[in-house]
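Student: Need a 3D model of the following:
(one chain, ligands or ions: 1)
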Amino acid sequence: MSDTPIPVAAIGVGRMGRHHARIYHQLPQAELLAVVDGDEDRAGALADQYGCDCLATVEELLDKYPQVKAVSIAVPTVYHEAVAEPLLSRGIACLIEKPMAQSVEVGKRIVETARKHNTLCQVGHTERFNPAVRAISDWDLVPRFIECDRVSPFTFRSVDVGVVFDMMIHDLDIILMMARSPLKNVHACGVALLGEHEDVADARLEFEDGCVAKITSSRLALKTERKLRVFSEDGYISLDYATKSGMSIRRTGNISILHEVRDQLAEGTDLSDLDYTDLVNIQDLTINDEEPLTAELTNFLDAVTGKAEPEVDADAGFAAVEVAEQVVQKIRDHQWSGLDLDKLV
Ligand SMILES: NC(=O)c1ccc[n+]([C@@H]2O[C@H](COP(=O)([O-])OP(=O)(O)OC[C@H]3O[C@@H](n4cnc5c(N)ncnc54)[C@H](O)[C@@H]3O)[C@@H](O)[C@H]2O)c1
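Tutor: Purely as a prediction, here's the structure:
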């Protein structure tokens, strides 16, 4: 016998939330009761498309559908807490879009509310479900150096937060997932060009075991790129989140050639005619084409029914916020000698 679908709602159906509504509509384990958005035209159009109700507020949702069991919250970050609080307090499971909150102070309150009411709270760090990341999830990586680049042109969205909470937070979450030891130091600098929050940021995280992560994020770039490179004890991995592709150079598959090259270099042999890329054994990663958000919402619904553990729980979402806040603080503390922003724009 199949399970009864879980009554769900999508709150905030703008650029991101509309995809939550679409996927809930598609997933057999969910029954999309309503889309909730202050923009009535937007909510109305989606409700027509998915044959569900449209409502303007969380209060209306709770009044009309007391049976609602789980929701996605994809309103702008600064409203996450206001929307989540009444739901978490009533035991309604919340998947809050990333970043969980705009500050440690607010994130702490969300975590405490969820804990106090024993309510499931997940955070939408969708890159965890990117098939390129999934392809290496069971590798026992011991990262030594991690490099992340995430740049895009300005979208004129998510201006309630800076590039660190908007974009870098994805990389912070992935780095914290991979790291084997506590964070020791954070260095960062950045520039705010179009508003009060930083639009370009560069951060360096140092972990107690010596692992270093270097992250570059920009929402003022002329191209779009989301890349991850990991140098680990076991070899090198390069992932492209956008194209969902990746390759690895495993130590085990290259050890004899590396020894040979090292010996010849030590003997003074001229190897300048050799093509390094022909020499090493490069493997493409086996990556499926599952939509990350579908995998994320499937995990959320499975966590609601107790079939699975939440892959990005409230503590993980909060941990990323904690590091993001440190990065922003370092950017504020950074002193530029004689920088005149007016000359840059
Ligand atoms: N996981 C990802 O990859 C990803 C990508 C983009 C955005 N996001 C996150 O999703 C969230 C929303 O971003 P977006 O780009 O979709 O924003 P958006 O501005 O496109 O959409 C937000 C929607 O929320 C509605 N809204 C605002 N306050 C509301 C309230 N109190 N109740 C009901 N509806 C309300 C607005 O009318 C709007 O339709 C942000 O937290 C953002 O960081 C995540």
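Student: so what's residue 120 up against?
Tutor: 70, 93, 94, 114, 303, 304, 310 (CB atoms under 8 Å, 6 or more residues apart in numbering). Bear in mind the C-beta positions are built from the backbone N, C-alpha and C, glycine included.
Student: What's opposite the third one in the beta bridge?
Tutor: In this case it means residue 94. residue 71, residue 121 (DSSP bridges).
Student: In the chain, what helix or strand scores lowest on average pLDDT?
Tutor: helix 276-279 (a mean of 78; mean pLDDT, DSSP states H and E).
Student: if we look at that one, which residues are touching it?
Tutor: 257, 261.
Student: Following the chain past that helix, name the next helix or strand.
Tutor: strand 283-284 (DSSP states H and E).
Student: residues in the stretch 151-300 of the chain within reach of the ligand, list them.
Tutor: Applying CB under 6 Å from any ligand atom, we find that the stretch 151-300 of the chain lies next to the ligand at 157, 158, 166.
Student: Check the burial of the last one by counting its neighbours.
Tutor: Okay, so that is residue 166. Using other CB atoms under 10 Å, residue 166 is surrounded by 24 other residues.
Student: repeat for the first one
Tutor: A total of 12 residues lie near residue 157 under the criterion other CB under 10 Å.
Student: Three-state assignment for it, please.
Tutor: Secondary structure assignment for residue 157 (DSSP: H, G, I helix; E, B strand; the rest coil): coil.
Student: Could you pull up phi and psi at it?
Tutor: Taking degrees, to the nearest 10, you get phi -120, psi 170 for the backbone angles of residue 157.
Student: List the contacts of it.
Tutor: residue 15.
Student: element containing residue 317?
Tutor: helix 314-333.
Student: I'd say residue 145 and residue 207 touch.
Tutor: No. Applying CB atoms under 8 Å, one finds residue 145 not in contact with residue 207, separated by 10.8 Å.
Student: show me where pLDDT drops low in the stretch 1-150 of the chain?
Tutor: The model of the stretch 1-150 of the chain has pLDDT under 70 over residues 1-2.
Student: Closest residue of it to the ligand?
Tutor: In the stretch 1-150 of the chain, the residue that lies nearest the ligand is residue 14 (1.9 Å; CB to the nearest ligand atom).
Student: Helix, strand, or coil at that residue?
Tutor: coil.
Student: residues contacting it?
Tutor: By CB under 8 Å, 6+ apart, residue 14 lies in contact with 37, 39, 42, 74.
Student: do the same with residue 294
Tutor: By CB under 8 Å, 6+ apart, residue 294 lies in contact with 23, 26, 27.
Student: nearest spatial neighbour of residue 315, skipping sequence neighbours?
Tutor: residue 111 (7.0 Å; CB to CB, 6 or more residues apart in numbering).
Student: name the element the one you found belongs to?
Tutor: Using DSSP H and E, residue 111 falls within helix 104-116.
Student: Who does the helix or strand harbouring residue 205 pair with, and is each partner parallel or antiparallel?
Tutor: Assigned by DSSP H and E, residue 205 falls within strand 200-207. Take DSSP bridges as the rule and strand 200-207 pairs in its sheet with strand 183-191 (antiparallel), strand 212-218 (antiparallel).
Student: returning to that earlier point: the helix holding residue 111 to helix 314-333, inter-axis angle?
Tutor: Orientation of helix 104-116 against helix 314-333 (axes from the mean of the first three to the mean of the last three CA atoms, to 10 degrees) gives an angle of 170 degrees.
Student: and helix 104-116, is it in reach of the ligand?
Tutor: No. If you take CB under 6 Å from any ligand atom as the test, helix 104-116 misses the ligand, and the best it gets is 12.3 Å.
Student: packing partners for that helix?
Tutor: Under the contact definition 3 or more CB pairs under 8 Å, 6 or more residues apart in numbering; DSSP states H and E, helix 104-116 sits against helix 80-89, strand 121-124, helix 314-333.
Student: rerun that using 7 Å as the cut-off
Tutor: In terms of contacts (3 or more CB pairs under 7 Å, 6 or more residues apart in numbering; DSSP states H and E), helix 104-116 is packed against helix 80-89, helix 314-333.
Student: For it, buried residues please.
Tutor: 106, 107, 110, 111, 113, 114 (16 or more other CB atoms under 10 Å).
Student: Likewise for stretch 178-185?
Tutor: 178, 179, 183.
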